[in-house]
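Engineer: below is the structure, and that's it, no one-letter string:
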């Protein structure tokens, strides 16, 4: 009896693992941006959080918005080799260059991620205040 429960559990885990692997290996439908191409974005670098720690902890609030896989995206998660270099840029307008990919999390689902090769602050144009 214990052996049959063990094999049932083992079969369930194998099916679950195969399902999760199939989800991450699927190419995104109607992908308009090529992951091999470099992408340049501008916006405000901010900290982010998600349930279960399923993020890099950083995102750029895009200005202007970006269309990824037919959906308008107002922010994009950012991954850097050395995330400590992002800290001085927090809440500043930045220009980032990198490669676009998709990340998958249990709670967050599939989302676009920019793996940054360079990021630097840019000066914002002064705005006239109405009196």
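Structural biologist: Now that the structure is in, tell me what you want to look at. Predicted model only: the values in this text are computed from it and were never measured. Residues are numbered from 1 along each chain as shown.
Engineer: contacts, neighbours, all on C-alpha from now
Structural biologist: OK.
Engineer: which stretches in this structure count as helices?
Structural biologist: 2-25 (DSSP state H).
Engineer: pull the helix or strand with minimum mean pLDDT from it.
Structural biologist: helix 2-25 (a mean of 58; mean pLDDT, DSSP states H and E).
Engineer: need phi/psi at residue 57.
Structural biologist: phi 100, psi 0 (degrees, to the nearest 10).
Engineer: that one touches residue 49, doesn't it?
Structural biologist: Yes - counting by CA atoms under 8 Å, residue 57 touches residue 49, with 5.8 Å between them.
Engineer: for this protein, which spans come out with low pLDDT?
Structural biologist: 1-2, 6-37, 51-54, 108, 124-131 (pLDDT under 70).
Engineer: residue 68 - how many residues pack around it?
Structural biologist: 15 (other CA atoms under 10 Å).
Engineer: and if you look at residue 84?
Structural biologist: Residue 84, neighbours per other CA under 10 Å, totals 9.
Engineer: contacting residues for it?
Structural biologist: The contact partners of residue 84, by CA atoms under 8 Å, 6 or more residues apart in numbering, come to none.
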